[in-house]
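**Q** predicted coordinates and the sequence they were generated for:
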Amino acid sequence: MIGRIAIFASLVATQVYSQEHRELGAHEHGVGQMDIAIEGTRLWMELHAPGADIVGFEHAAGNADDRAKIDSAVALLARPLDLFVFPSAAECTVVEAKAEIEAETHEESGEEGGHDHDEADAHDDDGGHTEFHAEYALDCANPSAIDRIAFAYFETFPNARELELQVLTETGAQAFEIERNAPVLELAGRS
């Protein structure tokens with residue numbers, strides 16, 4: 001019981017920090033954040049990614065084509081086992097998956113040019129930012145078999161370059177950066 005309380009407390013603290021960082025700091029196109037927590041047979045994941053990473057733009061859907069891209073992206077993000085591939089021996093199944101797009105204005109984000117943009121970024125400077133948010137709960141019958149996670153996420157979303165990961169297990173927390181050119185997280189021997 002104490003282990004569960006510690007895991008949940010750490011996860012909440014990590015999520016609060018991550019939320020404050022997203023609200024107060026600048027985000028960078030191409031870079032998303034992901035938290036993963038594993039306790040017993042349950043695995044939770046939370047993903048935040050700039051709209052530019054997922055659909056190629058951050059402005060509100062201005063036409064039917066934009067809306068279709070957003071709807072398609074939300075549907076893709078709602079299928080975690082297609083994006084994040086676990087060893088088959090882990091026998092992971094989806095318990096819950098939800099994905100949505102969130103928007104904020106420059107005033108809400110508190111930024112005055114603290115947003116890292118390339119010259120070629122498709123961004124509406126008069127509007128706000130959009131961010132995709134997804135939450136997943138998986139049940140893995142054999143969690144000890146999770147020795148690696150392959151990130152098909154990068155194949156699905158070509159504008160994504162990197163995911164900053166926080167992985168929390170009963171043995172502690174670790175941070176990783178997963179990049180498009182090396183889309184596999186090796187967990188074997190990292191306890």
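**A** Now that the structure is in, tell me what you want to look at.

**Q** the residue nearest the centre of the chain sits in which helix or strand?
**A** Central residue of the chain (CA atoms, centre = their mean): residue 47, 2.0 Å from the mean position. According to DSSP states H and E, residue 47 maps onto strand 42-50.

**Q** residues in contact with residue 55?
**A** By CB atoms under 8 Å, 6 or more residues apart in numbering, residue 55 lies in contact with 66, 69-70, 73. Heads up, the C-betas are built off the backbone N, CA and C, glycines and all.

**Q** and those, which are buried?
**A** The neighbour-count test (16 or more other CB atoms under 10 Å) applied to the contacts of residue 55 identifies 69-70, 73 as buried.

**Q** the residue nearest to residue 157 when sequence neighbours are not counted: what's it in contact with?
**A** Distances taken as CB to CB, 6 or more residues apart in numbering place residue 54 nearest to residue 157, at 5.3 Å, with adjacent residues excluded. Residues near residue 54 by CB under 8 Å, 6+ apart: 73, 77, 132, 157, 159-160.

**Q** what's the answer for residue 165, then?
**A** Residue 165 neighbours (CB under 8 Å, 6+ apart): 33-36, 175-178, 185.

**Q** most neighbours of all the residues you listed, which one?
**A** In terms of neighbours by other CB atoms under 10 Å, the contacts of residue 165 top out with residue 36 at 24 neighbours.

**Q** still on that earlier bit, which of the contacts of residue 54 sit farthest apart?
**A** 77 and 159 (13.9 Å; CB to CB).

**Q** looking at the two, which one has more neighbours?
**A** For residue 77 versus residue 159, neighbours defined as other CB under 10 Å are more numerous around residue 77 (26 against 19).

**Q** phi, psi of the more buried one?
**A** With angles defined as degrees, to the nearest 10, residue 77 sits at phi -70, psi -20.

**Q** hmm, residue 132 and it touching each other?
**A** Yes: using CB atoms under 8 Å, residue 77 makes contact with residue 132 at a distance of 6.1 Å.

**Q** where do the contact lists of these two overlap?
**A** Contact criterion CB under 8 Å, 6+ apart; residues shared by residue 77 and residue 132: 47, 54, 99.

**Q** the last one against residue 131, yeah?
**A** No: no contact is recorded between residue 99 and residue 131 when judged using CB under 8 Å, the distance being 11.4 Å.

**Q** next, the contact list for the closest residue to residue 131 other than its chain neighbours, please.
**A** In space, and not counting its chain neighbours, residue 131 is closest to residue 102: 5.1 Å by CB to CB, 6+ apart. By CB under 8 Å, 6+ apart, the residues touching residue 102 are 130-133.
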